[in-house]
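S.K.: 3D, please:
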Amino acid sequence: MRRIAFWLVAFASVAGVLASTTPTSGHADEETAPIFVTNIPPGYRDWRLISLAHEEGNLHSFAAILGNDVAIKAYRDGKLPFPDGTIIAALHYGHVPSEENDKVFGAPQSFVPGPPTNVQFMVKDSKKYASTGGWGVGHFNKDGTPGTDAQLKTCFPCHAKASRDFVFTRYAP
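M.R.: Residues are numbered from 1 along each chain as shown. Okay, the predicted model is just below:
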């Protein structure tokens, strides 16, 4: 009888522990692992150039796309999907005409980076960011403050349309 009581108590204890640690909704991963990158990766300004981007319309910007060593190796090796540890940074600037260059060229045709507008990051961690294809995203304003949730919530739906593991930028060796 004691043996049965022991097993009943043991079973109830294990069941209680499991019940208290199991998520109660299908959205627990979103609560414990947000898709937003909240810290600027250190040393990103020393990373290597992946490519440049020029966006018109409302953005009207230039961007330098940089990658950490993991990103550069993946780009050079043509490795898709990108491995965990890949970090891609996009340094965005407004663009302005260059009167100095235009004088040399003899016509208004040259534009250079203007004031910085923001820096954005994509961080690959297939476990932490499983709900968004393994990518976390970050947006930081020109003063280093984080972007708003509204800004960040637009990142994944757009990048989900990219044909190369959620990344638009191609490598420009």
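
S.K.: list the buried residues in stretch 127-144.
M.R.: Neighbour counts over stretch 127-144 (16 or more other CB atoms under 10 Å) mark K128, Y129, T132, G133, G134, W135, G136, V137, G138, H139, F140 as buried. For glycine as for every other residue, the C-beta is placed from the backbone atoms N, C-alpha and C.

S.K.: and it, how far out from the chain middle?
M.R.: Stretch 127-144 has its C-alpha centroid displaced from the chain centroid by 4 Å (CA atoms, centre = their mean, to the nearest Å).

S.K.: just checking, next helix/strand downstream of the longest strand along the chain?
M.R.: Longest strand in the chain by number of residues, with DSSP state E as the criterion: strand 111-124. Following strand 111-124 in sequence order, the next helix or strand is strand 135-141 (DSSP states H and E).

S.K.: and which of the buried residues of stretch 127-144 is nearest G57?
M.R.: H139 (18.0 Å; CB to CB).

S.K.: where along the protein do the helices fall?
M.R.: Taking DSSP state H, the helices of the chain run over residues 2-21, 28-32, 69-77, 99-105, 149-152, 155-159.

S.K.: weakest of the ones you listed by average pLDDT?
M.R.: For those, mean pLDDT drops lowest on helix 2-21, to a mean of 37.

S.K.: isn't N101 right next to P108, touching?
M.R.: No. N101 is not in contact with P108 according to CB atoms under 8 Å; the separation is 9.5 Å.

S.K.: what about G134, distance to G85?
M.R.: From G134 over to G85 the distance is 11 Å, taken as CB to CB, to the nearest Å.

S.K.: again, but for G133
M.R.: G133 sits 16 Å away from G85, going by CB to CB.

S.K.: same deal with L66?
M.R.: Taking CB to CB, one finds L66 at 15 Å from G85.

S.K.: the two: who's more crowded?
M.R.: The neighbour count for L66 versus G85, taken as other CB atoms under 10 Å, is higher for L66 (22 against 14).
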